[in-house]
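Asker: pasted the sequence and its predicted model underneath.
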Amino acid sequence: MSQPTLFRRRLFPLAIALLLVLLAPPLRAQIRESALSDGEADEIRQARYFPGDCVLLFVKFDDLRLKEIQDLYAKPLRPGREQDTRELLGQFTSIADELSDNLDDYGPRHADLRKALPKILDAADRWSSALKSVPDDEAYAIARKLALESIRDLREGATELAAEQATWFKAHPPPKDEKDGRAPPIDIPR
């Protein structure tokens, strides 16, 4: 057997298999389950053309998760409360990260978020103090720490974006939509 034939028959399939094994973890990491329910994801899709409405939906969904956490501790202790808290904190963090990603996406496109950003900053302060008031427990200590870091990052990003938006829209006033006073919908590239 010649050298090229040996490579094609034995080593090439082995090289392909090795490549697939090496790429499998990154591919699995990209396919993550969303913390949003199907209904919530549909609401986000419908609001996507109006960035201010879209980002406020993320605030609404995080408020719901936080209310569920607070309800867990307003009632008498029940088995599994700590695990439920950890899961809700994970969902909260995921939604807050998605909100940050959306702000990062809308910012450079100069989507008008001036009305939504103060609400996001107020929500971040509210969330931070509410999460700090949940009793300490080893079962969800790391999840709470990640949630608080996510809130801090969100607050920093929203504060920077608010300053950028104030400067941009002072120099480039947006046209107003006649019907409801909102900025016109943005064009989302597909």
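Answerer: Good, I have the coordinates.
Asker: tell me which other helices or strands the lengthiest helix in the chain touches.
Answerer: Ranked by residue count, the top helix of the chain under DSSP state H comes out as helix 141-171. Where contact means 3 or more C-beta pairs under 8 Å, 6 or more residues apart in numbering; DSSP states H and E, helix 141-171 is packed against helix 81-106, helix 116-133. From N, CA and C alone the C-beta is placed, and that goes for glycine too.
Asker: out of those helices, which is closest to residue 150?
Answerer: Ranking the helices and strands packed on helix 141-171 by proximity to residue 150 (C-beta to C-beta) places helix 81-106 first, at 4.4 Å.
Asker: ok, and for the closest one, which residues are buried?
Answerer: For helix 81-106, burial by neighbour count (16 or more other C-beta atoms under 10 Å) applies to 81, 84-100, 102-103, 106.
Asker: just checking, what packs against that helix?
Answerer: Judged by 3+ C-beta pairs under 8 Å, 6+ apart, helix 81-106 is in contact with helix 51-74, helix 116-133, helix 141-171.
Asker: tell me, what residue is most central in this protein?
Answerer: residue 98 (1.3 Å; C-alpha atoms, centre = their mean).
Asker: quick one, the longest helix of the chain and helix 116-133 angle?
Answerer: Following axes from the mean of the first three to the mean of the last three C-alpha atoms, to 10 degrees, one obtains 160 degrees for the angle between helix 141-171 and helix 116-133.
Asker: give the burial count for the nearest residue to residue 107 once chain neighbours are set aside, as a bare number.
Answerer: Nearest residue to residue 107, sequence neighbours excluded (C-beta to C-beta, 6 or more residues apart in numbering): residue 161, at 5.0 Å. Using other C-beta atoms under 10 Å, residue 161 has 21 neighbouring residues.
Asker: can you tell me how far residue 161 sits from residue 175?
Answerer: Here the criterion is C-beta to C-beta, to the nearest Å. By it, residue 161 lies 21 Å from residue 175.
Asker: ok, residue 162 next?
Answerer: In terms of C-beta to C-beta, residue 162 sits 21 Å off from residue 175.
Asker: between the two, who's got more neighbours?
Answerer: residue 162 (18 against 7).
Asker: distance to residue 70 and mean pLDDT for the helices and strands packed on helix 141-171 - can I get that in JSON lines?
Answerer: Below are those laid out as JSON lines (distance: least, C-beta to C-beta, whole Å; pLDDT from 0 to 100):
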{"stretch": "helix 81-106", "distance to residue 70": "10", "mean pLDDT": "96"}
{"stretch": "helix 116-133", "distance to residue 70": "7", "mean pLDDT": "96"}
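Asker: nearest to residue 147, out of those helices?
Answerer: That would be, of these and by C-beta to C-beta, helix 81-106, which comes in at 4.6 Å.
Asker: quick one: that closest one to helix 141-171, angle?
Answerer: 20 degrees.
Asker: relative to helix 51-74, how tilted is helix 81-106?
Answerer: 170 degrees.
Asker: which residues are in contact with residue 144?
Answerer: 89, 131, 134 (C-beta atoms under 8 Å, 6 or more residues apart in numbering).
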